[in-house]
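[1] Pasting the sequence and the predicted coordinates here, then a few questions.
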Amino acid sequence: MDTDKINTHKTSYLLKRFVPYFRKYKGTLALDLFCATLTTLCDIVLPVLVRYLTDLATNDLAGLTVRAILVCGGIYLALRIIDMAANYYMAYVGHVMGARIETDMRTDLFAHMQELSYSYYSNTKIGQLMSRITTDLFDVTEFAHHCPEEYYIAAIKISAAFAILCTVNVPLTIIIFAIIPLMVWCSMKFKNRMRTAFKKSRNQLGEINSQVEDSLLGVRVVKSFANEDVEKEKFDEGNMSFLDVKRETYKSMAAFQSTTRIFDGIMYIAVVVCGAFFMKYGKINTGDFIAYLLYVVILLASVRRLVEFTEQFQRGMTGIERFIEVMDEPVDIDDKPDATELTEVRGEIKFEAASFRYGDADEDVLTDIDLHIRPGETVALVGPSGSGKTTLCNLIPRFYDVTSGAVTIDGNDVRDVTTQSLRSHIGMVQQDVYLFSGTIRDNIEYGRPGATDEEVEYAAKLAGAHLFISELPGGYNTYVGERGVKLSGGQKQRISIARVFLKNPPILILDEATSALDNESERIVQESLSTLAKGRTTLTIAHRLTTIKNAKIILVLTDNGIEEHGSHDELIAAGGLYSKLYRLYSDERSGYTVGD
């Protein structure tokens, strides 16, 4: 996904996609608009009362009684009390409605992100996604609340002002209202410029988030190379770029606001000058002119507020647009409408003329792979980097779909069953162990949410992790830190194995699970893996070839596909590529031992 694209969707399209989020809250919205009507009524009535009292004072002073004054004051006081209650509802419940809509959108966005494929995350920065799911949706709260409210209030005030002013003086009203379209047109000229500036700002903020995340997660590497100054320079560069974008944003906003202010002045001048001439020639009286001025103030305030809301409107539109960009990303790996549940899995896996290439690649990573793994068999995959070992394994749980051919489990094409039921029967232990921020218990329980403490501890014992966990100050409640930084590589790996033990899947995929460990940790983890693999169909991607000597079948993958297959002894006797790789690996280990 190109996070830097600035092309914007049409406003009508964005609103069409956004409006359905109001459906759950249509009752709240209706009451909010009713309260908006009440607050508007209070503003509209004031000039009427002032005009009435002014006319009495000018034309019939005797009629300006204490009772008349108190009645007018009482009416306005009652309206102000109603206005207070209505405004409280709008400010509190209306804003909560906006926050609920923001929450609903964030829920939908996160759910969609969970469904997106590996390839999407390979091409997208996590910092950009964090920006979209947090910052971008903040403005939606204000937009969702104020957008219908502001336009509704403005429509009432402008319509009421026009109708009432026409009863006072039609020519003067036409002069005033003739200026409004020109004012709106000039202001709207800045709309697209503001939208583009806001979107650039959001994109650059996402870049800063990505850079900070990258630097902080790699802080140990930064410090080990004493490259703090390098990271500061990288951050300063991104930070200054953000400043440049903000400068462009504020330039557009300043031009926009200056335009509205100059038209404000033009309209006030028109009212005062033209109104004075109309008074001079007896076209309107003093009371009418004062009421006229008050209604023009209301009218201008409404138009100004509506035009100035354009800034908030564009911020909201930017947030909605970036939300839609992610929501419109297709889900590459999705269940068919008639997908069935995969149950009672025995673990028979077949690759039938399976080929695969990445979406933007010109050549296949795997071509016409034929492979039959029987239930309970242990198959090892070896070969040079880039030969497709991990890709082949990723086709089984449908992290990717084959380009042609098929992958089946117990005779079921993996594309014909639900991904949830498919992946629930597959356990993976990878070289790069990911532990979630939380306790050891939380991370083991992730293998089967809701498992009892006894089940968690039993899984840890099977993985050879119970002893070291028990020796920790907090035991199973020990906090592991961000990505498990408080634990050693071997400890993290054994916790990840315990997680798979708890899941208890019939199919197991081991992706170079011990290649990053020291010799002692490798020995302990390898024992755990051997226990884990018993009775399960197991695929092992091996970097250290001595760990797979006991595999029933060893497959040697190259760019040409499966070059060799057989047991360790058979492949050594054949004297082919595997034999060569094993000798090289043995020599390397021997040399390392001597050098050490």
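    Received, thanks. Numbering: from 1, shown residues only.
[2] Every contact and neighbour count from this point should use C-alpha atoms.
    Fine.
[3] Point out where the chain drops to low pLDDT.
    Residues of the chain meeting the criterion pLDDT under 70: 1-8, 191-192, 213, 216-225, 307-308, 482-484, 515-518, 521, 546-547, 585-596.
[4] Check the secondary structure at Val271 for me.
    helix (DSSP: H, G, I helix; E, B strand; the rest coil).
[5] And for it, the neighbour number?
    Other residues within reach of Val271, judged by other CA atoms under 10 Å, total 20.
[6] Repeat that for Gln526.
    The tally of other residues near Gln526 (other CA under 10 Å) stands at 17.
[7] and it, how far is that from Val429?
    Using CA to CA, to the nearest Å, we find Gln526 at a distance of 12 Å from Val429.
[8] cool, and Leu38?
    From Leu38 to Val429 the distance is 63 Å (CA to CA).
[9] Equivalent analysis for Gly376, please.
    From Gly376 to Val429 the distance is 17 Å (CA to CA).
[10] same thing with Val500?
    Distance of Val500 to Val429, given as CA to CA: 8 Å.
[11] Looking only at neighbour counts, state which of those two leads.
    Applying other CA under 10 Å to Val500 and Val429 shows that Val500 carries more neighbours, namely 25 against 22.
[12] Contacts only, for the more buried one.
    Residues counted as contacts of Val500 (CA atoms under 8 Å, 6 or more residues apart in numbering) are Gly427, Met428, Val429, Gly447.
[13] Isn't the last one up against Leu502?
    Okay, so that is Gly447. Yes - contact criterion CA atoms under 8 Å: Gly447 and Leu502 qualify, at 5.7 Å.
[14] Sketch out the strands for this structure, chain order is fine.
    Assigned by DSSP state E, the strands in the chain fall at 349-356, 366-373, 378-382, 404-409, 412-413, 426-430, 507-511, 537-541, 553-558, 561-566.
[15] Next one: Gly474 from Ser488, what distance?
    Between Gly474 and Ser488 the computed distance is 16 Å (CA to CA).
[16] And for Leu299?
    Counting by CA to CA, the separation of Leu299 from Ser488 is 69 Å.
[17] Neighbour count for the two, which is higher?
    Neighbours per residue (other CA under 10 Å) separate Leu299 from Ser488, with Leu299 holding more: 23 against 11.
[18] Nearest spatial neighbour of that one, chain-adjacent residues omitted?
    Ile158 (5.8 Å; CA to CA, 6 or more residues apart in numbering).
[19] who touches stretch 232-248?
    Outside stretch 232-248, the residues touching it (CA under 8 Å, 6+ apart) are Ala197, Lys200, Ser201, Gln204, Leu205, Glu207, Ile208, Gln211, Val212.
[20] Let's see that with 10 Å instead.
    Applying CA atoms under 10 Å, 6 or more residues apart in numbering, the contact partners of stretch 232-248 are 193-194, 196-209, 211-212, 215, 227-231, 249-254.
[21] give me the number of residues near the nearest residue to Ala353 once chain neighbours are set aside?
    Leaving aside its chain neighbours, Ala353 sits nearest to Asp368 (4.0 Å; criterion: CA to CA, 6+ apart). Neighbourhood size, Asp368 [other CA under 10 Å]: 18.
[22] got the contact list for Asp368?
    Contacts of Asp368 (CA under 10 Å, 6+ apart): Phe351, Glu352, Ala353, Ala354, Ser355, Phe356, Ser404, Gly405, Ala406, Asn560, Gly561, Ile562.
[23] now with 6 Å?
    By CA atoms under 6 Å, 6 or more residues apart in numbering, the contact set of Asp368 is Ala353, Ala354, Ser355.
[24] beta partners of the second one?
    Beta-bridge pairing for Ala354 (DSSP bridges): Ile369.
[25] in terms of contact, does it touch Ile369 like I think?
    Yes - using CA atoms under 6 Å, Ala354 is in contact with Ile369, at 4.8 Å.
[26] Against Gly282, how distant is the nearest residue to Gly206 once chain neighbours are set aside?
    Of all residues not flanking Gly206 in the chain, Gln128 sits nearest, at 4.1 Å (CA to CA, 6+ apart). Distance, Gln128 to Gly282, using CA to CA: 65 Å.
[27] Compare the two and say which one has the larger neighbour count.
    It is Gln128, of Gln128 and Gly282, that has more neighbours when counted by other CA under 10 Å, with 21 against 10.
[28] Leu472 versus the more buried one, what's the distance?
    For Gln128 relative to Leu472 (CA to CA), the value is 37 Å.
[29] ditto for Tyr268
    76 Å.
[30] Looking at the two, which is more packed in?
    Taking other CA under 10 Å, Tyr268 and Leu472 do not tie; Tyr268 has more neighbours (16 against 11).
[31] That one: what's it in contact with?
    When contacts are taken as CA under 6 Å, 6+ apart, Tyr268 is in contact with no other residue.
[32] repeat that with 10 Å
    Residues near Tyr268 by CA under 10 Å, 6+ apart: Ile176, Cys274, Leu293, Val296, Val297, Leu300.
[33] same check, this time on Arg80
    Contact partners of Arg80, counting by CA under 10 Å, 6+ apart, are Leu38, Thr39, Leu41, Cys42, Asp43, Gly74, Ala86.
[34] and if you look at Ser355?
    Counting by CA under 10 Å, 6+ apart, Ser355 has contacts 364-370, 392, 401-407, 561.
[35] which one among the residues you listed gets closest to Tyr118?
    Asp401 (11.0 Å; CA to CA).
[36] so what's Asp364 closest to, chain neighbours aside?
    Counting by CA to CA, 6+ apart, Asp364 lies nearest to Arg357, which is 4.3 Å off, once chain neighbours are set aside.
[37] wait, isn't that neighbour in contact with Thr403?
    Yes - contact criterion CA atoms under 10 Å: Arg357 and Thr403 qualify, at 6.4 Å.
[38] hmm, back to that, can you go through the contacts of stretch 232-248 and name the buried ones?
    Buried members of the contacts of stretch 232-248, counted by 16 or more other CA atoms under 10 Å: 193-194, 196-209, 211-212, 215, 231, 249, 252-253.
[39] Just to be careful, could you list which of the residues you listed are in helices?
    Among those, DSSP state H puts 193-194, 196-209, 211-212, 215, 231, 249, 252-253 in helices.
[40] can you list the strands of the chain in JSON lines and add distance to Gly27?
    JSON lines is the format used below for the strands of the chain (distance: least, CA to CA, whole Å):
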{"stretch": "strand 349-356", "distance to Gly27": "52"}
{"stretch": "strand 366-373", "distance to Gly27": "56"}
{"stretch": "strand 378-382", "distance to Gly27": "61"}
{"stretch": "strand 404-409", "distance to Gly27": "51"}
{"stretch": "strand 412-413", "distance to Gly27": "48"}
{"stretch": "strand 426-430", "distance to Gly27": "47"}
{"stretch": "strand 507-511", "distance to Gly27": "51"}
{"stretch": "strand 537-541", "distance to Gly27": "56"}
{"stretch": "strand 553-558", "distance to Gly27": "63"}
{"stretch": "strand 561-566", "distance to Gly27": "62"}
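[41] distance of the residue most central in space within the chain from Ile324?
    Most central in the chain under CA atoms, centre = their mean is Ile133, positioned 3.2 Å from the mean C-alpha point. To Ile324, Ile133 is 11 Å away according to CA to CA.
[42] Please tell me I have it right and the residue nearest to Leu299 contacts Arg304.
    No - applying CA under 10 Å as the test, Ile158 and Arg304 come out as separate, 11.4 Å apart.
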